[in-house]
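Visitor: How does the following fold in three dimensions:
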Amino acid sequence: MEYTFFIASDRRASVPQKRWRIAFTMIYSCRAMCSLSKRRITGALRTPSYVSLEIVGDDDDECRAPAPPFSIVDADVLKSLVRERRLDDVQRLGGADGIAAALASDADAGISGGGGDLDARREAFGANTYPKPKPKGFFWFMYEALNDLFLLILIGCAAVSLAFGIKEHGLKEGWYEGASIFLAIFLVSVVSAVSNFRQMKRFDKLSAQCNDISVSVVRDGHRQDISIFDVVVGDVIFLKIGDQVPGDGLFLQGHSLQIDESSMTGESHPVDVDAVKNPFLTSGVKVIDGYGSMLVTAVGTDTAWGEMMSTIARETTEPTPLQERLERLTSSIGKIGVVVAVLVFAVLAIRYFTGSTKNENGQPRFNKNKVDAGDVISVIVSIFQDAVTIIVVAIPEGLPLAVTLTLAFSMKRMMKDNAMVRRLSACETMGSVTTICTDKTGTLTLNQMTVTKFWIGNEEVPVDGGSISSIAPRVRTLFHQGVGLNTTGSVYRPMSVAEPEVSGSPTEKALLWWAVLDLGMDVEVMKRRCSVVHVEAFNSEKKRSGVLVEEKDSRAMITHWKGAAEMILNQCSHYLDRNGNARDVDVESRRKLEKVIRDMAAGSLRCIALAYKITDAEDLHVDQEETPNLDDNGLTLLGFVGLKDPCRPEVESAIAACRRAGVAVKMITGDNVFTARAIAVECGILRDDDVDGLVVEGPEFRNYSAEERLKKIDQIRVMARSSPFDKLLMVQCLKSKGHVVAVTGDGTNDAPALKEADVGLSMGIQGTEVAKESSDVVILNDNFDTVVTVMRWGRCVYNNIQKFLQFQLTVNIAALVINFVSAISTGEVPLTTVQLLWVNLIMDTMGALALATDRPTKELMKKPPVGRTEPLITIVMWRNLTAQATFQVAVLLVLQFRGQSIFGVREEVNNTLIFNTFVLCQVFNEFNARKLEKKNVFEGMRTNKLFLGIVGVTVFLQVMMVEFLREFAGTVRLDWEQWGICVAIAAVSWPIGWLVKCIPVSNTPSSSALSSP
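Guide: The predicted structure follows:
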C-alpha cells in the first residue's frame, strides 16, 4: 500500500533525501496518518515547490521500542517557524492547532505531562535552560587581591630583602625576613580572595532565584503553575498582562493580546498578536495587554533569547552607592597614610645618613668613611619597606569588603524572611527610607477574597446557595455569563462529582467559586451555549473589564461589564430585580443603589458591579481590520457583589513599628474612598488622633496644582481610586520634598512608580514579571510585615558598616601616630613589616567578618531614618574612636620609651609586648565597636556565634604568632606574667568605652571632610 502527499514548500533541502519528520503536521487528515503510526517513512524528495512523501507499509515484525508520538517532528524546522516568522509554513501545517496535534498536545488539555513524556520532549527538543558563562574562579580573586599597587611594591621589597638577607646571613638564616613577608602577603591575599569568592557564589545563587519565574500551563487537562525551567516543547502556556513569554511559540487563543518586544528588538511600541496575521511569540517578551494561550515550539538555546542570555555574564560586583562612598573615604585616608609614610621614610633616611641610627653595639650604622653599597641598599630597602607597610595598614581596604560581607549576609537572611533582593543597593537604601507607599490588596490584607454580600437591584440576596430558586432563570443565566465568561480565571472539574479546581486572581477565584457553588454555574455547559466574540481586558483607568458574547441558540449579542461598582452604576440606565424585570434608574433608585455601595465599603468590602446590554449585530461595525468596540452606555445593572478581604493580623503592629521608626506609611489603592478609609482605620494608617491625615481620590490629587500637591503630600495618608499615574505622581512629589521613598506594586502599570522610587518592592505572589523586573526587592509572601523586615535589615547594613568604620579608623589612627612618633624620636618603627601585615589582616578581613554580620536589633527601629546624603561618621563615632585611639597611642608610646625600664626586659621582649598589646587592644575594641551608643556591649552577643568564633580564632592565631612563629613574626616568647600584663592593659579598653559613652554628645553627623565622602 502506498500513500503520496504533496506539501508546498519554499525551502530547499540541505541534504538530499533527508527524512522529513514533520509529516503528520502537513497532512490534511490526521486520522489517516495515525493509522500509519507503525509504518516507516522510506524517503522524502524535496524541491523548492513541493515535498513528496512516499509511505510504504512494513510487514516486518521488528522488535523495537515505540517512538514518542512527536518523533516525526523535525526540531530544526520547528524552531525556525517562530525565529524566521514563517507565516505561510505555519498555515500550510494546519496552523497552531495542527502543529499542536503533531506535538501530541492540545489547546485545551495540553500535553500528558508524565515523567516519561517530559523526558522524551527534553531529549528531542532540549530543556528550557541555557549555558551560563563560566564564573570567575578562585584564582581570579587571588590575582585581584595581589594586584594591589602597594602589595606589589611590598613583594618587590620582600624579594630584595630575601636576597640581601641570604647574602648577609647565609641561606640557613638569611631567608627568614624576606620569606616571612612573602608569607604574610600570601595570607592576606588568600583570606581576601576566599571571602570575595564565597560572596560571589552566594550572590550568584541568590540572583539565580530571580530568574526562576512561575509559569501557568495546562497538562493532562489540569491547569497548574510550574517553573519556567520546566517548560517543554508542546506545553500550552496561559499568558496575562505582565507575564514574560517563557519560550518561542505560536498563539492559540485569547483576546486583545499585545506584547512589548523591546527586550529583543529595541522597539517599545506594542505589537498585536492574533492567530491569523501575527501568531508568533518570542521568548523574553512581555505581555502588556489582553490574555491568551500559546503553544511552545522552542525552548532554551533554540530561542533567540536563550542564545543571547548564554553569552551575557551577570556582573555581581557592581559597586553600590555605599561602597562608592566608602571608596572615596578610603582614598582620603590612603592619602593621609601616604603623607605619613613619606615623612617616616624621609626621617628614617635622614637619621641613617646623619649617623643618628645606631646598631646593637651603639655605633652609627652609617659611616661615611667606610661605605658599603650593599649595606646602604639593604637599609634603604628596609626603610622603604616599612614606609610602604604603613600605607598598607593605613588604607582601610576592609571597608568595601565589609559592605560586601554585610550585604551578602543580609541578603541571605532576608531570603529566609521572604524578601528576595534583586539589586544590592536596595539593602542600603531601605535603611534611609522615610516614606512607604503601599498597596492594599494582598499587602495589607490577606488576599483571601470571599463573597459575603449579594444584591440584585435594591434587594439583598442571602449568600448561602439556598436562594437560587428565588432568582429568575434568565437572571441566573446572565450572572453565569457575566462571571464565567468575563474573567481571566478558569474552572476545571475532572469529574462531575469532583470538587472544581478554580484558578485566577483572588478576586476572580472568589467570584467563580460563588457562581459555581451558590448560583449553580456549569462552565462547560455555558461555554457550549455561548461563544466569546471580543474581550476588553481589565483596565486600571476604567477599573472594569468587558466581554461580547453570542448566544448560539438565540443568536443574541450580549455585552457584559464587570468592575468598580460606582463606575459601572454611572453607566447604567436600568437595573433588574430578582424576577428579571427591568426598572429605570431614577433619582431615588440611584440614591438607594449608591447607599448599598457605601454600606458595603464602610464594612471594608470590595464592591463589584455586574451589568449587561443586548446589542444588535448590525450595530457592531465588525470588519476584518478592526475589532468591535464594546458598548458601555445605557447598561442594565445585574447586581452588586461584596467581597471581604481581611487585614493581615500582623499589619497593625508593623505600621506602628514604622511610626516609631519615623517612617510614614501611605496606602494607595484602586478601591473607592469608603472602602479605603475603612481598611486604613483597621490597619492603623488612620488613627483618631491623626487630625491632619487626609484621604483623597486619585483624580482629585491629579488635579491639584503643583504647589498644592507639595503642600498636602505629607498629610495624605490614603489615596483611593488611584491609577498607576497617580502613584507615580505621588512618588515624584515625595522625592522632590527630600523623602526617600519605597513603593510596593504588583501590576505591569506599576512599573514606572517602582522604577522611580528609591526602592521598588514588587509582590512575589500577585506581582507580574514586568513589576518584578522593575523592582529592587521581591516580597515573596506579599506581606507588609516583610516590607518592615527589609527596612530593618537596611538599617542593620548601615549600622554594621558604621561599627566597622569606627573600629578600623581607631586602628588606623593608632598605627599611624605610633609609627610616626617612634620614627621621629628613635629612628625605628616599633612594629615590623610582618607584624603590621598581621594587624592589617585582623583589621580588614577578620574585623569585617566579626562586625559586619550582626543581626538587626529592636533599637534600630526606634531611631529616625538616616538621610540619603548624611555623612557616615557621626559625632558619637568620633567620640568613641578618639577615646580608644588616644588610649592605645598613649599606652604603646609608654611601652616604646619606658617599657624596658618599667618591666625590666630586654628590647626584643619589649617589642613583642608592644606588638601583643596592640593586637589585643584591637580584640577588646571589637567588643566596644558592637554598640555605638549602648553601654552594654555584650548584649545579644550569644546570638552572633560568628563574632565569638572570629575573636577566638584571632586570639589563637596571635598566640601562635608570639609563641610558635617567632622567626616568622619577629617575636620572642612571653611568660604568663607578661601575657597577663598585655591582657590587663588591653582590657582597659572596656571601662574606657563605658565611661566615654556617659559623655553626652549630639547624635547628628559630623561635618568632617573625612566623613563626607
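Visitor: and residue 641, helix, strand or coil?
Guide: strand (DSSP: H, G, I helix; E, B strand; the rest coil).
Visitor: Would you enumerate the residues in contact with it?
Guide: Contact analysis of residue 641 by CB atoms under 8 Å, 6 or more residues apart in numbering lists 451, 453, 454, 455, 511, 514, 607, 608, 609, 610. Glycine gets a C-beta too; all of them are placed from N, C-alpha and C.
Visitor: where do the strands sit along the stretch 151-300 of the chain?
Guide: For the stretch 151-300 of the chain, the strands defined by DSSP state E, counting those that start in this stretch cover 214-219, 222-227, 236-239, 248-260, 271-272, 280-281, 286-298.
Visitor: now for these, which one comes closest to residue 144?
Guide: With distances scored as CB to CB, the stretch of the strands of the stretch 151-300 of the chain nearest to residue 144 is strand 222-227 (34.5 Å).
Visitor: ok, the nearest residue to residue 284 once chain neighbours are set aside to residue 260 distance?
Guide: Leaving aside its sequence neighbours, residue 284 sits nearest to residue 305 (CB to CB, 6 or more residues apart in numbering; 3.5 Å). In this view, residue 305 and residue 260 are 14 Å apart by CB to CB, to the nearest Å.
Visitor: residues touching residue 78, list them.
Guide: 22, 99, 125, 233, 297, 298.
Visitor: So which of the contacts of residue 641 wins on neighbours?
Guide: residue 609 (29 neighbours; other CB atoms under 10 Å).
Visitor: Which phi and psi values does that one adopt?
Guide: In terms of degrees, to the nearest 10, the main-chain angles of residue 609 are phi -110, psi 150.
Visitor: Show me what it is bridged to.
Guide: residue 563, residue 640 (DSSP bridges).
Visitor: could you say which helix or strand contains the closest residue to residue 840 other than its chain neighbours?
Guide: Using CB to CB, 6+ apart and skipping the chain neighbours, the partner closest in space to residue 840 is residue 393 (5.0 Å). Taking DSSP states H and E as the criterion, residue 393 maps to helix 373-394.
Visitor: Just the mean pLDDT for that helix, thanks.
Guide: Averaging pLDDT along helix 373-394 yields 76.
Visitor: hang on, residue 307 packs against residue 300?
Guide: No - look at residue 307 against residue 300 with CB atoms under 8 Å: they stay out of range, at 9.2 Å.
Visitor: Check the secondary structure at residue 437 for me.
Guide: Residue 437 - assigned by three-state DSSP - is strand.
Visitor: check contacts around residue 303.
Guide: 79, 82, 83, 247, 248, 282, 283, 284.
Visitor: quick one on the thing from earlier: so what's the residue nearest to residue 284 scoring on pLDDT?
Guide: The predicted local confidence for residue 305 is 76.
Visitor: What distance do you get for it to residue 107?
Guide: For residue 305, the distance to residue 107 - CB to CB - is 24 Å.
Visitor: Compare these two (neighbour count), which wins?
Guide: Neighbours per residue, other CB under 10 Å: of residue 305 and residue 107, the larger number sits with residue 305, 23 against 16.
Visitor: Quick check: end-to-end length of stretch 278-294?
Guide: Start and end residues of stretch 278-294 are separated by 12 Å (CA to CA, to the nearest Å).
Visitor: Tell me both backbone torsions, phi and psi, for residue 492.
Guide: Torsion angles, degrees, to the nearest 10, at residue 492: phi -120, psi 120.
Visitor: Could you do residue 748 as well?
Guide: Dihedral angles (degrees, to the nearest 10) for residue 748: phi -60, psi -40.
Visitor: quick one: contacts for it?
Guide: Neighbours of residue 748 in contact, by CB under 8 Å, 6+ apart: 241, 242, 286, 287, 288, 768, 770, 771.
Visitor: ok, it to residue 779 distance?
Guide: Distance of residue 748 to residue 779, given as CB to CB: 17 Å.
Visitor: Find the centremost residue of this protein, please.
Guide: Residue closest to the average C-alpha location in the chain (CA atoms, centre = their mean): residue 422, at 2.2 Å.
Visitor: so that residue touches residue 778, yeah?
Guide: Yes - here residue 422 reaches residue 778: they are 6.4 Å apart, a contact under CB under 8 Å.
Visitor: For the stretch 251-400 of the chain, give me the ranges with low pLDDT.
Guide: 263-268, 309-321, 323, 359-362, 369, 371, 397-398, 400 (pLDDT under 70).
Visitor: redo that, cut-off 80
Guide: 256, 262-269, 289, 304-331, 333-334, 355-375, 378, 381-382, 384-400 (pLDDT under 80).
Visitor: roughly how far apart are residue 811 and residue 839?
Guide: 7 Å.
Visitor: So, low pLDDT: which residues of the stretch 851-1000 of the chain?
Guide: Residues of the stretch 851-1000 of the chain meeting the criterion pLDDT under 80: 867-872, 968.
Visitor: Which stretches in it count as helices?
Guide: 875-903, 907-929, 945-963, 966-969, 976-987, 989-996 (DSSP state H, counting those that start in this stretch).
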